[in-house]
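Participant: Sharing a model that was predicted from the sequence below.
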Amino acid sequence: MKKITVVGAGFVGATTVQRIAEKELGDVVMTDIIEGMPQGKALDLMESAPIEGFTVEVLGTNDYKDIEGSDVVVITAGIARKPGMTRDDLVKINSNIVSEVCENIKKYAPESIVIVVTNPLDIMTYIALKKTGFHPSRVMGMSGVLDSARFATFVAMELGCSPKDVDAMVLGGHGDTMVPLPRHTTVSGVPITELMDEATIDMLVERTVNGGAEIVELLKTGSAFYAPSAAITAMVESIVRDQHRIVPAAVYLHGQYGHDGIYLGVPVKLGKQGVEAILELDLTESEQAMLDRSAEAVKIGISTLTI
Ligand code: APR
């Protein structure tokens, strides 16, 4: 039985644990700094097992020792940006949290594959790489699966078709500079550039880029968690079931797409070794320019770090 740890039992973390348990991807450990909370959520989830019919174990804990031997560790621990807080303040607080989490991962789960979810994603994933000292194939960030799912959702809504038939591709950083690729976004194999006009595509791209903010605005407190947890679970599944799925994820680039030493969202193959391959698409000049802009934003973020 595989062992999957989710650090941070908040909205994203706990919903991820639920999805992982219901899919029986492995036994799950959920940790948080708040005492009693992960234990309570884990027990509640276990009490749904007779109804849902899953047989994996869900353990809630405040003790990192319990993550020992995990195959995959998902990091959702962090705080959300609060009113009055600058982006730099957020980076500082979440880097400290992610650093502490990673020291424990290194100690208790040295063979694990790490998926970072805490924002700002591309910077936090870079910190995870440095703090664990793991090979880059074992440290990645969840961004593209979520951003692509949002793009696919808006395409399906626009065409009035099943979201199941839409395959979208979004590259770049997880933020304002992400790069949705309409040319590589298809409905049952047909590129959307053949199914809708440019103005409509531009509108859907814009909505995708602001997808996270649209949810925050509606929720007022907190941010998205259903689609993020579904995206994390798809990545965990591809790893623990060695499915070799090709999905966009934030990975460490060493020369690909003209960038080196940063995390950026690109298509990768995911299996039991983690990132098994990075796929290099032929980009048009304007797509490459958008990706370069995104990489620049990530580089600036990394340069502010004091690790
Ligand atoms: N160790 C473990 N858990 C921690 C730590 C820490 N040092 N610091 C904070 N946490 C926990 C909090 O106690 C909280 O339960 O992380 C959890 C975060 O949960 P939420 O506040 O509900 O946030 P959530 O919506 O789950 O988002 C988590 O994912 O999508 C990103 O931007 C989002 O960075 C955010 C993260």
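Facilitator: Here it is on my side, so go on.
Participant: Stretch 31-45 and the ligand in contact?
Facilitator: Yes - contact of stretch 31-45 with the ligand (Cβ under 6 Å from any ligand atom) involves 32-34. The C-beta positions use only the backbone N, C-alpha and C, and glycine is treated the same way.
Participant: residues in contact with that stretch?
Facilitator: 5-10, 13-14, 17-18, 21, 30, 58-64, 66-67, 77 (Cβ atoms under 8 Å, 6 or more residues apart in numbering).
Participant: Let's see the PyMOL selection covering just the buried ones among those residues.
Facilitator: To isolate the buried ones among the contacts of stretch 31-45 in PyMOL, judged by 16 or more other Cβ atoms under 10 Å, type:
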select buried, resi 5+6+7+8+9+10+13+14+17+18+21+30+58+59+60+61+64+66+67+77
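Participant: tell me, how many neighbours does F11 end up with?
Facilitator: For F11, the count of nearby residues is 18 (other Cβ atoms under 10 Å).
Participant: same thing with S112?
Facilitator: The number of residues packed near S112 is 24, by other Cβ under 10 Å.
Participant: quick one, phi psi at the closest residue to the ligand within the stretch 1-150 of the chain?
Facilitator: Taking Cβ to the nearest ligand atom, the ligand has its nearest neighbour within the stretch 1-150 of the chain at G10, 1.8 Å off. In this entry, G10 is assigned phi and psi values of phi -80, psi -150 (degrees, to the nearest 10).
Participant: just checking, it touches T76?
Facilitator: Yes - distance between G10 and T76: 6.5 Å, which falls inside the contact criterion (Cβ atoms under 8 Å).
Participant: In contact with the residue of the stretch 1-150 of the chain closest to the ligand, which residues?
Facilitator: G10 makes contact with 32, 76, according to Cβ under 8 Å, 6+ apart.
Participant: Now the element after the lengthiest strand in the chain, going C-ward?
Facilitator: Assignment by DSSP state E gives strand 260-271 as the longest strand of the chain. Sequence order places strand 274-278 as the next helix or strand after strand 260-271, per DSSP states H and E.
Participant: Packing partners of that following strand?
Facilitator: Using 3 or more Cβ pairs under 8 Å, 6 or more residues apart in numbering; DSSP states H and E, the elements in contact with strand 274-278 are strand 139-141, strand 245-254, strand 260-271.
Participant: Now do the buried residues in the longest one.
Facilitator: Neighbour counts over strand 260-271 (16+ other Cβ under 10 Å) mark 262-271 as buried.
Participant: Outside of the helix or strand A213 falls within itself, list whatever touches it.
Facilitator: Assessed by DSSP H and E, A213 sits inside helix 211-219. Residues outside helix 211-219 that contact it (Cβ under 8 Å, 6+ apart): 147, 150, 207, 222-224.
Participant: could I get the helices and strands packed on strand 274-278 as a markdown table with distance to the ligand?
Facilitator: As requested, the helices and strands packed on strand 274-278 are exported to a markdown table (distance: least, Cβ to the nearest ligand atom, whole Å):
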| stretch | distance to the ligand |
| --- | --- |
| strand 139-141 | 11 |
| strand 245-254 | 13 |
| strand 260-271 | 15 |
